[in-house]
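Novice: Take a look and give me a structure for this.
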Amino acid sequence: MLRAIAAGYLVTWLVMTPAHRLGTLALLGILSSGSGRAMAEHDHGSDAEVGGEAAFGASITLVAAAYDTMLYGGDYQGISPAVRWSNARFAASASLPYYRVTKNGKTLHGAGDGMVHGIIALARTTTSQAGMALAVTAPSGDRQDGLGMGHVMVMPGVWGSYMLGDVTIGGSVGYGRALGANDGHDHGAGPIVDPMNNSEVTWSASADLELARQLRAGARASGAVPTADGTTRAAGGLRVAWMAGHVVTAATVQVGIAGDPFTLRGVVETSLRF
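Specialist: Below you'll find the model as predicted:
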């Protein structure tokens, strides 16, 4: 099933023009969220999925964005396969994205930075849970092309969520630090596909409403504040997720608020738990 979904996504993706890709993802997010992460957002747990029996999973994420910074302008599209394992208290995942980037009229292709991410639930009640997380990125993306940081990033954090009737609120706070970055460069405007600073405090907040047994919609906000030289950034958006058996599909549309992370971005993810 997942192979057929991925194949359909990929064929449709390849035949679309960049403008159609961005418009399609943005429209999906807007329409499906009208009544009410990302590959590039370091959200440590607003959508934490732990609990239940041990299970494996796999997902395909598509992203399309337009951006306009002080140095570069254009758009990018990406596809990111990921694998995941979770049990009652712990979840771990690994992903490696691949991008097409238009940068001041020049088109580039290549892998982004790979990531491994783990979360653990330290406390849980019937209506709330909280825990810790750790994400580590590998410098597989080309820094000069705006596809990667050029060095390892380590990002520990804490997260929590609380259910109040049909509404679930969540949030996370983390710290990101580049390892081996001794050149003093400022990553406030790059990499293009995933802006980060060498040292920064990250945050995220979310609120979701259960519209039906298999349908949820809500809002997201995330950002970062540099602890030294760098750029403060923030983004917000709407998200909808629906479930059919073991398959969950989510669509998100986001806008950049501060720091030029992007002007508009759409994300569609399909995941399978088995």
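
Novice: Could you verify that residue 261 is part of a strand?
Specialist: No: according to DSSP: H, G, I helix; E, B strand; the rest coil, residue 261 belongs to no strand; its state is coil.

Novice: host element of the residue nearest to residue 239 when sequence neighbours are not counted?
Specialist: Among residues not flanking residue 239 along the chain, residue 252 sits closest, at 4.2 Å (C-beta to C-beta, 6 or more residues apart in numbering). The C-beta positions use only the backbone N, C-alpha and C, and glycine is treated the same way. Here residue 252, judged by DSSP states H and E, is contained in strand 247-258.

Novice: where does the stretch 151-274 of the chain have low pLDDT?
Specialist: Scanning the stretch 151-274 of the chain for pLDDT under 70 picks out 181-190.

Novice: Alpha carbons of the host helix or strand of residue 117, in CSV - could you do that?
Specialist: Take DSSP H and E as the rule and residue 117 turns out to sit in strand 114-124. C-alpha atoms of strand 114-124 as CSV (Å, rounded to 0.1, in the frame of the first residue of the first chain):
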residue,chain,number,x,y,z
GLY,A,114,19.7,13.5,7.1
MET,A,115,18.1,13.4,10.6
VAL,A,116,17.6,10.9,13.4
HIS,A,117,15.0,11.8,16.1
GLY,A,118,14.0,10.2,19.3
ILE,A,119,11.4,11.1,21.9
ILE,A,120,10.6,9.5,25.3
ALA,A,121,7.4,10.0,27.4
LEU,A,122,8.5,10.5,31.0
ALA,A,123,5.1,11.3,32.5
ARG,A,124,1.6,10.4,31.3
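
Novice: re the thing from before, what are the buried residues along the strand holding residue 252?
Specialist: For strand 247-258, a neighbour-count test (16 or more other C-beta atoms under 10 Å) marks 247, 248, 249, 250, 251, 252, 253, 254, 256 as buried.

Novice: what packs against that strand?
Specialist: With contacts defined as 3 or more C-beta pairs under 8 Å, 6 or more residues apart in numbering; DSSP states H and E, strand 247-258 has these neighbours: helix 18-32, strand 215-226, strand 233-244, strand 264-273.

Novice: how many degrees apart are it and strand 233-244 in direction?
Specialist: Orientation of strand 247-258 against strand 233-244 (axes from the mean of the first three to the mean of the last three C-alpha atoms, to 10 degrees) gives an angle of 170 degrees.
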